[in-house]
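Q: no sequence on this one, just coordinates:
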């Protein structure tokens, strides 16, 4: 199923401004595979005065011939010449291209792999093109290479880019629209399984239920997403074995650097670089207590950022041997039986993501974290959600629950208020506000109306921000 174009208005507006400008432009678009980069190009580029070429892994002469064919759509007979090298092809294009033409190369890293000289040649051509209006657009899934081509100090194209657009995953608030889901419980389950990658949503939309989609696309050894994590890492890492091992251990509950190092039999210092690389790629994040320095805090935990990867490493990887033998039903039943705790952790993370976009008492909030540690009473406490207002006057403390059915709401609030008063930094704020964030209000006691309760509808709506 082909999904409607969701929540890329800022990127689309910047691209449209660039295309309408009366000067040469150079745009770099990057982000992990399947996040919608090619779709963005298709949305903003017209067929007129545009050369759109998708590179692949063939040898350079074949790539030049294919690009020449695309150029011939706006420059007739351009493909009747055999170009001996990239300098000859690019030189003629820059000489004959009509004013304002856009040259968009998708999967640009493939071209560079075959022809490392290409960035330097393009830099020379682009520098000459300031007398004429030509738009260059490069797009790629290898975040490492795209970053290196434009932002590294040694990159030939350093400083030339007029737009650098990193396309991130879609926020959870869009999944109800993307998968035509009516209820919040299914939306949270779907987002925990698929994360925010639009292509995964498109594939899942072809199945009647969320779990059928997961079974056929992920659990089945012939499913198109069965080996997706390995493919993802192979695009950005020459030797992904160590990264795969780290993600596998984090997914199974090893959240401290020392734990991972111990399981791998390596000194912790040797893992700093691969951990930082996974953080740079947006696959892992540091979970540190609110108001602490991530670089200095010894309590730092490492978590998988992406919901799809988190679920895959928790449930799919440990069962790969069974799945390769086609034993799927017991595995999917086991996942369903143990999914609630995983869903609760995902809900807690979504709540924290939503805090900067929630408005309460006319206040806006900074990004939220958990807090755990030693209280003023020397007891060990933990609070799920902690954030401060942007003006620094108010502290928000929150508890997350999947459901309030059978819960004593008064007791939850009393305990939350008690813990917030004994936080080591609570005296720094004029006011403390308290919230319970509940995924499902079915079966909640009537008295819930008397308390500050925020439900999944409000959280998902906050995560639909542009």
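A: Looks like it came in fine. Quantities reported herein were computed from a predicted structural model and do not represent experimental measurements.

Q: and the helix or strand residue 348 falls within, what other elements does it pack with?
A: Using DSSP states H and E, residue 348 maps to helix 339-354. With contacts taken as 3 or more C-beta pairs under 8 Å, 6 or more residues apart in numbering; DSSP states H and E, helix 339-354 sits against helix 184-194, helix 307-311, strand 380-388, strand 394-403, strand 431-440, helix 456-462. Placement of C-beta: from N, CA and C, glycine included.

Q: What strand or helix carries residue 93?
A: Going by DSSP H and E, residue 93 is in helix 86-96.

Q: Could you do residue 126 as well?
A: Assigned by DSSP H and E, residue 126 falls in helix 118-128.

Q: Show me which parts of that helix are buried, residue by residue.
A: 118, 119, 121, 122, 123, 125, 126 (16 or more other C-beta atoms under 10 Å).

Q: got those as JSON lines, with distance to residue 271 and pLDDT columns?
A: Formatted as JSON lines, the buried residues of helix 118-128 follow (distance: C-beta to C-beta, whole Å; pLDDT from 0 to 100):
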{"residue": "118", "distance to residue 271": "34", "pLDDT": "90"}
{"residue": "119", "distance to residue 271": "32", "pLDDT": "87"}
{"residue": "121", "distance to residue 271": "39", "pLDDT": "89"}
{"residue": "122", "distance to residue 271": "37", "pLDDT": "87"}
{"residue": "123", "distance to residue 271": "36", "pLDDT": "86"}
{"residue": "125", "distance to residue 271": "42", "pLDDT": "84"}
{"residue": "126", "distance to residue 271": "40", "pLDDT": "82"}
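
Q: Considering those, which is situated nearest to residue 13?
A: In terms of C-beta to C-beta, no member of these lies closer to residue 13 than residue 126, at 23.5 Å.

Q: Quick check: that closest one vs residue 416, distance?
A: 57 Å (C-beta to C-beta, to the nearest Å).

Q: Residue 378 now?
A: 19 Å.

Q: Check residue 452 too.
A: Residue 452 is 10 Å from residue 416, by C-beta to C-beta.

Q: Those two - which one has more neighbours?
A: residue 416 (20 against 14; other C-beta atoms under 10 Å).

Q: burial measure for residue 9, as a count.
A: So residue 9, with other C-beta under 10 Å, has 10 neighbours.

Q: Overlap of the contact sets of residue 452 and residue 416?
A: 434, 436 (C-beta atoms under 8 Å, 6 or more residues apart in numbering).

Q: pLDDT score assigned to residue 127?
A: Turning to residue 127, the model gives it a pLDDT of 81.

Q: contacting residues for the residue nearest the centre of the chain?
A: Centroid-nearest residue in the chain: residue 169, 3.7 Å away (criterion: C-alpha atoms, centre = their mean). The contact partners of residue 169, by C-beta under 8 Å, 6+ apart, come to 32, 35, 195, 196, 197, 306.

Q: again, but for residue 430
A: Residue 430 neighbours (C-beta under 8 Å, 6+ apart): 393, 394.

Q: which helices and strands does the helix or strand residue 234 falls within pack with?
A: Taking DSSP H and E as the criterion, residue 234 maps to helix 228-236. Identification of packing neighbours for helix 228-236 by 3+ C-beta pairs under 8 Å, 6+ apart yields helix 143-150, helix 241-251, helix 307-311.

Q: Now residue 160. Nearest residue, chain neighbours left out?
A: Spatial nearest neighbour of residue 160, excluding adjacent residues (C-beta to C-beta, 6 or more residues apart in numbering): residue 26 at 4.9 Å.

Q: before we move on, the earlier item: nearest to residue 43, out of the helices and strands packed on helix 339-354?
A: helix 184-194 (21.7 Å).

Q: Mind checking the pLDDT average for that closest one?
A: The model assigns helix 184-194 a mean pLDDT of 96.

Q: List the contacts of the helix or strand following that helix.
A: Next helix or strand after helix 184-194 toward the C-terminus (DSSP H and E): helix 198-204. If you take C-beta under 8 Å, 6+ apart as the criterion, helix 198-204 is touched by 1-3, 6, 34-36, 39, 170, 175, 178-179, 190, 194, 210, 213-214, 217, 224-225, 308.

Q: just the buried members of the residues you listed?
A: 3, 6, 34-36, 39, 170, 175, 178-179, 190, 194, 210, 213-214, 217, 225, 308.

Q: Over to residue 450: give its phi and psi.
A: phi -80, psi 0 (degrees, to the nearest 10).

Q: Any idea how many residues pack against it?
A: Count around residue 450 with other C-beta under 10 Å applied: 11.

Q: From the opening residue of stretch 208-228 to its closing one, how far?
A: Taking C-alpha to C-alpha, to the nearest Å, stretch 208-228 runs 22 Å from one end to the other.

Q: sorry, back to before: out of the helices and strands packed on helix 228-236, the one nearest residue 299 is which?
A: Per C-beta to C-beta, nearest to residue 299 of the helices and strands packed on helix 228-236: helix 241-251, 16.0 Å.

Q: tell me which strands and helices that closest one is in contact with?
A: helix 228-236, helix 257-264, helix 272-280, strand 284-287, strand 301-304, helix 307-311.

Q: right, so these: which one is the most enclosed?
A: Each of those was scored by mean neighbour count; the highest is helix 307-311, a mean of 23, by mean count of other C-beta atoms under 10 Å.

Q: what does that helix rub up against?
A: Contacts for helix 307-311 (C-beta under 8 Å, 6+ apart): 191-197, 200, 228-229, 232, 247, 251, 283, 303-304, 342, 346.

Q: thinking again about what came up before, starting from the next helix or strand after the helix holding residue 93, tell me which strands it pairs with and how they run.
A: Downstream of helix 86-96, the next assigned helix or strand under DSSP H and E is strand 101-106. According to DSSP bridges, strand 101-106 forms sheet pairs with strand 50-54 (parallel), strand 134-140 (parallel).

Q: quick revisit: and the helices and strands packed on helix 339-354: which comes nearest residue 420?
A: It is, among these and with distance given as C-beta to C-beta, strand 394-403, at 4.3 Å.

Q: Can you check what angle separates the helix or strand where residue 411 lies from strand 394-403?
A: Element membership of residue 411 [criterion: DSSP H and E] is helix 409-421. Computed with axes from the mean of the first three to the mean of the last three C-alpha atoms, to 10 degrees, the direction of helix 409-421 lies at 140 degrees from that of strand 394-403.

Q: List the buried residues for stretch 409-422?
A: In stretch 409-422, counting by 16+ other C-beta under 10 Å, buried: 409, 412, 413, 416, 419, 420.

Q: repeat for stretch 172-189
A: Here stretch 172-189 shows 172-179, 181, 184, 187-189 as buried, counting by 16+ other C-beta under 10 Å.

Q: And for stretch 16-27?
A: 18, 19, 24, 25, 26, 27.

Q: In a markdown table: these, plus secondary structure and pLDDT.
A: A markdown table is the format used below for the buried residues of stretch 16-27 (DSSP: H, G, I helix; E, B strand; the rest coil; pLDDT from 0 to 100):
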| residue | secondary structure | pLDDT |
| --- | --- | --- |
| 18 | helix | 91 |
| 19 | helix | 90 |
| 24 | coil | 87 |
| 25 | strand | 88 |
| 26 | strand | 89 |
| 27 | strand | 91 |
